[in-house]
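Novice: How does the following fold in three dimensions:
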Amino acid sequence: MQLSYLIDIDITFLYTHQDKFSEVNICGMCESIFVALGGYLTIEKVHKIFYDKVFSHDWLKQYFVNQDQSLIEKQQTNFMAEKMGGPKNYVGKLPRQTHIHMYITEELFNLRHELLKNSLEEAKVPRDLIERWLRIDYAFKRLIVDESLETFHASYTFKRRIIVPNPSKDQSS
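Specialist: Take a look at the predicted model:
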């Protein structure tokens, strides 16, 4: 199933002007999704299922070598809780800064997005809340997906780069 959502939100604009806009209102329905989900317990459950999938996936796990899964789960839980109208407990970097050293293709993003969808279903999150969660998640795509390897190299010229080819594709063609 191809997941695609129309997002009319300029996330970069909202981050640039976050002093004027409540981050809770990143999408029109976000104010109550945190409460509708049952707060942190459900978000934590989904992220545990999700990152178990990510850390065991042949391709995705390579982006998390030497990373503490429980710390990433906690950070992502705080980040998403805040975006869903929950407490503002996230103290990490913004999505672009967090992922700038990683070459993330649309294929990789869509794979990750599908694993998130599967995790939400496995956690028995109601369909309407799954759709709302995925719209919020999808809104960040523009900030982390690289157009091409060339633009990635041009925009990120320092530190260690992480570029991981899809292991399921034949790289010789």
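
Novice: Every contact and neighbour count from this point should use C-alpha atoms.
Specialist: OK.

Novice: right, and Q75 touches N89 too?
Specialist: No: with contacts counted by Cα atoms under 8 Å, Q75 stays clear of N89, the gap being 9.1 Å.

Novice: And for H99, nearest residue in space, chain neighbours not counted?
Specialist: I144 (6.1 Å; Cα to Cα, 6 or more residues apart in numbering).

Novice: Identify the residues contacting the spatially most central residue of the chain.
Specialist: The chain has D137 as the residue nearest its centroid, 5.4 Å off, counting by Cα atoms, centre = their mean. Counting by Cα atoms under 8 Å, 6 or more residues apart in numbering, D137 makes contact with H113.

Novice: Okay, it and M80: tell me how far apart.
Specialist: 8 Å (Cα to Cα, to the nearest Å).

Novice: returning to that earlier point: Q75 and N89 - which one has more neighbours?
Specialist: Higher neighbour count among Q75 and N89: Q75, with 18 against 12, using other Cα atoms under 10 Å.

Novice: got the contact list for that one?
Specialist: Y90, G92.

Novice: Go again with 10 Å.
Specialist: H47, Q69, A81, N89, Y90, V91, G92, K93 (Cα atoms under 10 Å, 6 or more residues apart in numbering).

Novice: Now do the SS call for D58.
Specialist: Classification of D58 using DSSP: H, G, I helix; E, B strand; the rest coil returns coil.

Novice: what's the neighbour count on it?
Specialist: 12.

Novice: Please renumber the chain so that the first residue is 22 from this point on.
Specialist: Sure, I'll start numbering at 22, so the last one becomes D79.

Novice: Next one: the residue lying closest to it once chain neighbours are set aside, what pLDDT does it get?
Specialist: Excluding its sequence neighbours, the residue lying closest to D79 (Cα to Cα, 6+ apart) is P188, at 7.1 Å. We have a pLDDT of 84 for P188.

Novice: number of nearby residues for P188?
Specialist: 10.

Novice: A helix includes it, no?
Specialist: No: assignment of P188 by three-state DSSP gives coil, placing it outside any helix.

Novice: you'd agree it is up against K82?
Specialist: No: the criterion here is Cα atoms under 10 Å, and P188 misses it with K82 at 11.3 Å.

Novice: I'd like the distance between S53 and R153.
Specialist: 11 Å.

Novice: Residues that sit against both of these two, list them.
Specialist: M105.

Novice: Looking only at neighbour counts, state which of these two leads.
Specialist: Higher neighbour count among S53 and R153: R153, with 17 against 14, using other Cα under 10 Å.
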